[in-house]
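Student: Provide a 3D model corresponding to the input given below.
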Amino acid sequence: MCSKILEGFGKINKEEYTFLLRGGQVLNKDMQHPNPAPDWITETSWDNITELANLPAFREIDTSFEHGADEWREWFINSMPEQTTLPGDWQTNLNELQRLAVIRSVRPDRVVFASTSFIINNLGAKYVEPPAFDLSTIYAESTCSIPLIFVLSPGVDPVQALFQVATQVDMQENLKTLALGQGQAPIANRLLADGTKSGHWVFLANCHLMLSWMNSLEKVVEGLAESSPHKDFRLWLSSYPHPQFPISILQAGTKMVTEPPKGIKANMTRLYNKLTPEQFTRCAAGHKYRRLLFCLVFFHAVLVERKKFGTLGYNVPYDFNESDFDISEDVLSYYLAAYENTPWEALRYLIAEANYGGRVTDEFDFRLVRCYVRNFFQEGAISAERFLLAPPLEYLRVPDDGGMKVYTDYIKGLPVLDDPQSFGQHSNSDIAAQINDTDILLDTLSSLQPATTGGSGGVGAADDRIFKIVGDMEENLPVLIDYEQVRKIKSDDPSALHVFLLQEIQRYNNHLQKMAANLRDVKKGIKGLVVMSAELDEILGCVSAGKVPPSWNKCFPSLKPLANWLRSLHFPAHLQIGPFSFPLFPSPSSSYFLSLSRFLSPSLSFPHLTSPPLSCHTLADTKCHKQRLAYSGKLATRMGRG
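Tutor: As a prediction, the model looks like this:
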């Protein structure tokens, strides 16, 4: 939304914005300047920098990296480069979006942070903070003939919010709930018939588990407008996204997406918004309950958000949800009111082991949950003036006691983006998670861009860049291996290893022929000479985004960007098998065939290569590779003796 608004005012350069979304792709390394600092500038980053230098505002930025490598390295190793001045005159010469493109090229893990600042500076802080889910307002605008549909996501349960709204409007006695599943169709039909006549609320949960009955529900929803149901009747539905869910129900209903909040601040805000004033003041323990309730809210937020670290967060991922918090809050309120002296051991056991710990299956994860509880639930949380929840972060503490507004206002002052130290993690622990968030953000924005599929009888300005990329790819495709020559020379040695080699050569040649045919058809499609099929349209979109098309990635799977993947298809100049030398390609770079040779036998050698690393689409597991290498060596020795 921010980019579209700025684009409407002419404040965004389209080429720079496209680079920000898709990065740079270098298909031919021959014309590229050498990497001046390969120890900290990765191959992908240098590709981005050299392609960025082709844009008018970034002329000679690659030369700047060569001449001022030390200054750029100081900026690169900074923990928050988006808030640090760029080396040289680049800070003043570039606007905020252009600086974001530099960050995307060199420090992709900081793109989300820089994008957040970009939105705040141009639109305001409220556009980066998710609004509170207010079901009461949605109910007030609803009618008896329009179903209300909860679109579920993992870790979110809207049942508690629905019960709260029913209580507010005195409908808790008339709320009829049913979890759909096998054999529940007659009960659901009866509830709908009674609800439309008597004015009940009917909540049908998990519609995705009973898709066979959705056709009947579709007819009921279509008949609501004509049958004039009771004015108090409401039909509530919940379902996970499913392609077989009836479109007509979605079109007729009010859809509510209850996605889980992201970040400690958003999670804590959501939990406090769920609490009613009566619930907040019900415990006789007073300030003791309110301070420990804040600790419980922070504890829940930390457990939920910790899974973003992947295996650095948990050995096994867990779906903690709001029902865990609701039960723990009831336990906290009951035990504090029942005992004059705080029963710390009982609270820690019931919350960490009986409740949240009931989901945990790994012993080390279980130990982690107990450690968190011991840190948050202790005497200092009640008596200390400034009880820090995540030392040394001073802003994460239990606020001074007061009403609910005191606690909610304090949560509003927390940063939107979490510091890894909030979880007790090292500052580098979330780099992988941040890069993954960046990929998701850029992929989503790229998918929202207008498609360029040609078909106008000529190459327009929007398709010219894609047409050039496809042409460069076609020119840089490797030459086919002379299969007949290899088979003829080795015809007298029908060993299993050489049969395998011939099969791989056939597979490789077929793959190159398919790629060449696809690229030719894509060029024709851009010109409007052929109809763009679904496969060609998918290839065009992936090439435009710099990704390997799925139809190509099946043969040689890889997580590399398109340009790197394409370069890895090139083989060495000669294939040496025993005393024979087979001419292959003029390019001396290949990781795939080197791995193939290592798999086959130590006797297959490539004199032009000097131990490059294994590519991610071959033998990534070193242990497995060594086992195969040892086995193939023994097998080759036996065949040699034979």
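
Student: chain center to stretch 334-351, what's the gap?
Tutor: Relative to the chain's own centre, stretch 334-351 is displaced by 39 Å; criterion: Cα atoms, centre = their mean, to the nearest Å.

Student: From the opening residue of that stretch to its closing one, how far?
Tutor: 13 Å (Cα to Cα, to the nearest Å).

Student: Of all the residues in that stretch, which ones are buried?
Tutor: 335-336, 342, 347-348, 350-351 (16 or more other Cβ atoms under 10 Å). Yep, even glycine has a C-beta here, placed from its N, CA and C like the rest.

Student: I'd like the average pLDDT over it.
Tutor: Averaged over stretch 334-351, pLDDT sits at 94.

Student: for stretch 488-496, same thing?
Tutor: 81.

Student: And it, what's buried?
Tutor: Under 16+ other Cβ under 10 Å, the buried positions of stretch 488-496 are residue 490.

Student: The chain should start at 886 in everything you say after this.
Tutor: Understood, numbering begins at 886; the last thing we discussed is stretch 1373-1381.

Student: Centre of the chain to it, how far?
Tutor: Taking Cα atoms, centre = their mean, one finds the center of stretch 1373-1381 at 48 Å from the center of the full chain.

Student: Please apply the same query to stretch 1288-1297.
Tutor: 31 Å.

Student: Alpha carbons of that stretch, in CSV - could you do that?
Tutor: Backbone C-alpha positions of stretch 1288-1297 (Å, rounded to 0.1, in the frame of the first residue of the first chain) are rendered in CSV as follows:
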residue,chain,number,x,y,z
GLY,A,1288,-5.3,-0.5,36.5
MET,A,1289,-5.5,-2.3,33.2
LYS,A,1290,-4.7,0.9,31.3
VAL,A,1291,-1.4,1.2,33.1
TYR,A,1292,-0.3,-2.2,31.7
THR,A,1293,-1.7,-1.8,28.2
ASP,A,1294,-0.1,1.6,27.9
TYR,A,1295,3.2,0.1,28.9
ILE,A,1296,2.9,-2.6,26.3
LYS,A,1297,2.1,0.1,23.6
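
Student: buried stuff in it?
Tutor: 1289, 1292, 1295-1296.

Student: follow-up on the earlier one: which of the buried residues of stretch 1219-1236 fall in helices?
Tutor: 1220-1221, 1232-1233 (DSSP state H).

Student: Among those, list the two that are farthest apart in space.
Tutor: 1221 and 1233 (13.4 Å; Cβ to Cβ).

Student: Kindly reformat the buried residues of stretch 1219-1236 as a markdown table containing distance to residue 1305.
Tutor: Compiled in a markdown table, the buried residues of stretch 1219-1236 are given as follows (distance: Cβ to Cβ, whole Å):
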| residue | distance to residue 1305 |
| --- | --- |
| 1220 | 33 |
| 1221 | 32 |
| 1227 | 31 |
| 1232 | 27 |
| 1233 | 25 |
| 1235 | 29 |
| 1236 | 24 |
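
Student: mind listing the helices for the stretch 1136-1285 of the chain?
Tutor: 1149-1159, 1162-1165, 1172-1190, 1207-1223, 1229-1233, 1248-1261, 1265-1268 (DSSP state H, counting those that start in this stretch).

Student: The first one relative to helix 1172-1190, how many degrees between them?
Tutor: Put plainly, it is helix 1149-1159. Computed by axes from the mean of the first three to the mean of the last three Cα atoms, to 10 degrees, the angle separating helix 1149-1159 from helix 1172-1190 equals 130 degrees.

Student: roughly how far is helix 1149-1159 from the heart of the chain?
Tutor: Worked out by Cα atoms, centre = their mean, helix 1149-1159 lies 22 Å from the chain centre.

Student: Which secondary structure elements does it sit against?
Tutor: If you count contacts as 3 or more Cβ pairs under 8 Å, 6 or more residues apart in numbering; DSSP states H and E, helix 1149-1159 packs onto helix 1044-1053, helix 1172-1190, helix 1207-1223, helix 1289-1297.

Student: Repeat that for the fourth one.
Tutor: Applying 3+ Cβ pairs under 8 Å, 6+ apart, we find helix 1207-1223 packed against helix 1044-1053, helix 1149-1159, helix 1172-1190, helix 1229-1233.

Student: Looking at these, which is nearest to residue 983?
Tutor: Residue 983 lies closest to helix 1149-1159 among these, at 29.6 Å (Cβ to Cβ).

Student: that older thread, could you redo the ones in helices among the buried residues of stretch 1219-1236 as TSV and give each row distance to residue 1332?
Tutor: Formatted as TSV, those follow (distance: Cβ to Cβ, whole Å):
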residue	distance to residue 1332
1220	50
1221	50
1232	47
1233	46
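
Student: out of the helices and strands packed on helix 1149-1159, which comes closest to residue 950?
Tutor: Using Cβ to Cβ, these put helix 1172-1190 closest to residue 950, at 35.6 Å.

Student: Alpha carbons of that closest one, as PDB, please.
Tutor: The C-alpha coordinates for helix 1172-1190 follow below in PDB (Å, rounded to 0.1, in the frame of the first residue of the first chain):
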ATOM      1  CA  HIS A1172      -1.400  -6.200  43.000                       C
ATOM      2  CA  LYS A1173       0.200  -9.600  43.400                       C
ATOM      3  CA  TYR A1174      -2.200 -11.100  40.800                       C
ATOM      4  CA  ARG A1175      -1.800  -8.100  38.400                       C
ATOM      5  CA  ARG A1176       2.000  -8.200  38.500                       C
ATOM      6  CA  LEU A1177       2.200 -12.000  38.000                       C
ATOM      7  CA  LEU A1178      -0.500 -11.800  35.300                       C
ATOM      8  CA  PHE A1179       1.900  -9.500  33.400                       C
ATOM      9  CA  CYS A1180       4.700 -12.100  33.900                       C
ATOM     10  CA  LEU A1181       2.300 -14.800  32.600                       C
ATOM     11  CA  VAL A1182       1.400 -12.800  29.500                       C
ATOM     12  CA  PHE A1183       5.100 -12.200  28.800                       C
ATOM     13  CA  PHE A1184       5.800 -15.900  29.300                       C
ATOM     14  CA  HIS A1185       3.100 -16.900  26.800                       C
ATOM     15  CA  ALA A1186       4.400 -14.400  24.200                       C
ATOM     16  CA  VAL A1187       7.900 -15.600  24.600                       C
ATOM     17  CA  LEU A1188       7.000 -19.300  24.100                       C
ATOM     18  CA  VAL A1189       4.800 -18.500  21.100                       C
ATOM     19  CA  GLU A1190       7.400 -16.300  19.400                       C
END
